[in-house]
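> Attaching a predicted model along with its sequence, questions to come.
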Amino acid sequence: MDRVETGNFAATRIHAEQPQSIRVVSWNVNRGCNLKEIVDYLESSNGDLILLQETDLNARRSGFRNIAKEVAEKLRMDYVFGREFQELSQGTPSAPTYHGQATLSRWPLSQGRVLRFRSQSGFWRPRWYIPPLSAFQRRLGGRIALVCEALIGGVRLVTYNVHLESRGNDQLRLQQLREVLEDARRAREDSPALIAGDFNFDLRCSAVTELLSGLRFENPFHSANGNLITARTRFGRGLSIDFILTRDLPVPQNASIVNVVTASDHFPLMLTVQLN
């Protein structure tokens, strides 16, 4: 479960280039079920570094595709995929189904690893009294951050692609975020870093502000687009649960939520990061 899958589809000529800035896109793609629409948007976004949450591998609901690989191949980008859960109702014993995070880059990715949180909810575990149907989403594994490094010209950017727990309370999610920040402090503290993904709670709360204090991480989306609706429930209620945090990068520009994209129940987040 903790091994990562990688692929290399980026044009090698770009590896030596040193851009002044890159465009970062973070998006929970809702399993990748609407793959064509997802790829169409990502192509139009011109993203240089893309962090996707909820990407399927061999799942019935998304056509038994390898979503991370197909998106990377179509966009001509390198990718790393980390397994969050084995979905027990979506595959077979001989062909299991996985679900997790994918990080894509126009520049080389290295040091890919899964940071599986010590703090987890027991909600998803299979139990004898719960039918093995897709509606109940029985799973093995647990929430993760997918960690890797993008070598962009002469800059090594550490990325954390996160998906915090949707069940449980904010205290559990806060503890999972704390584990990410602790890992970021220990691993390459001297390098610029970003933490992006689906946090399943609002990072503008005072508890997160206090947690980030002194750790050099900033939240460029703290006041972006007014009320900051990044996802909608099936009943249409707006949620503020997706963010990008940056460390030791010049003031990021153009933080925005692309709320006209309907390929997922989450909206893509876009950010321009200066590297010079």
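Received, thanks.
> In this structure, mark out all the helices, start to finish.
Ranges of helices within the chain are 35-45, 67-75, 170-186, 206-212, based on DSSP state H.
> Could you identify which of those is most buried?
Most buried of these by mean neighbour count (mean count of other CB atoms under 10 Å) is helix 67-75; its value is a mean of 21. Every C-beta, even on glycine, is put in place using the N, C-alpha and C of the backbone.
> Report the rounded mean pLDDT for that helix.
Here helix 67-75 scores 98 as its mean pLDDT.
> now that helix against helix 35-45, angle please.
Angle, helix 67-75 to helix 35-45, by axes from the mean of the first three to the mean of the last three CA atoms, to 10 degrees: 50 degrees.
> got a list of contacts for helix 67-75?
5, 7, 9, 29, 31-32, 35, 38-39, 42-43, 50, 52, 55-57, 78-79, 81, 102, 104 (CB atoms under 8 Å, 6 or more residues apart in numbering).
> give me that answer again for 6 Å
Contacts with helix 67-75, where a contact means CB atoms under 6 Å, 6 or more residues apart in numbering, come from 7, 9, 32, 39, 55-56, 79, 81, 102, 104.
> Stretch 85-97 too?
For stretch 85-97, using CB under 6 Å, 6+ apart, the contacting residues are 58-60, 98-99, 132-134, 138-141.
> start to end distance for that stretch?
Terminal residues of stretch 85-97 are spaced 8 Å apart (CA to CA, to the nearest Å).
> Could you pull out the buried residues of that stretch?
Residues of stretch 85-97 classed as buried: 85-91, 96-97 (neighbour count, 16 or more other CB atoms under 10 Å).
> Go through the residues you listed and name the one nearest P268.
Among the buried residues of stretch 85-97, F85 lies closest to P268 (CB to CB), at 22.7 Å.
> so what's that closest one scoring on pLDDT?
Here the pLDDT value assigned to F85 is 96.
> Can you give me the distance of the residue of the chain most remote from its centre to Q176?
Centroid-distance maximum for the chain: Y129 at 32.5 Å, with CA atoms, centre = their mean. Shown here: Y129 relative to Q176, a distance of 28 Å by CB to CB, to the nearest Å.
> same question, S62
Noted for S62: a distance of 25 Å to Q176, by CB to CB.
> Below-threshold pLDDT in the stretch 151-276 of the chain: ranges please.
Scanning the stretch 151-276 of the chain with the threshold set as pLDDT under 70 gives 224-226.
> Let's see that with 90 instead.
Applying pLDDT under 90 to the stretch 151-276 of the chain flags residues 153-154, 168, 186-190, 214, 221-228, 233-237, 249-254, 275-276.
> Please enumerate the strands of it.
155-163, 193-198, 217-218, 231-232, 238-239, 242-247, 253-257, 269-274 (DSSP state E, counting those that start in this stretch).
> Format those strands as a markdown table; extra columns: distance to E70 and mean neighbour count.
Listed next are these as a markdown table, based on distance: least, CB to CB, whole Å; neighbours: other CB atoms under 10 Å:
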| stretch | distance to E70 | mean neighbour count |
| --- | --- | --- |
| strand 155-163 | 18 | 23 |
| strand 193-198 | 20 | 26 |
| strand 217-218 | 32 | 19 |
| strand 231-232 | 23 | 18 |
| strand 238-239 | 28 | 15 |
| strand 242-247 | 23 | 24 |
| strand 253-257 | 25 | 17 |
| strand 269-274 | 22 | 20 |
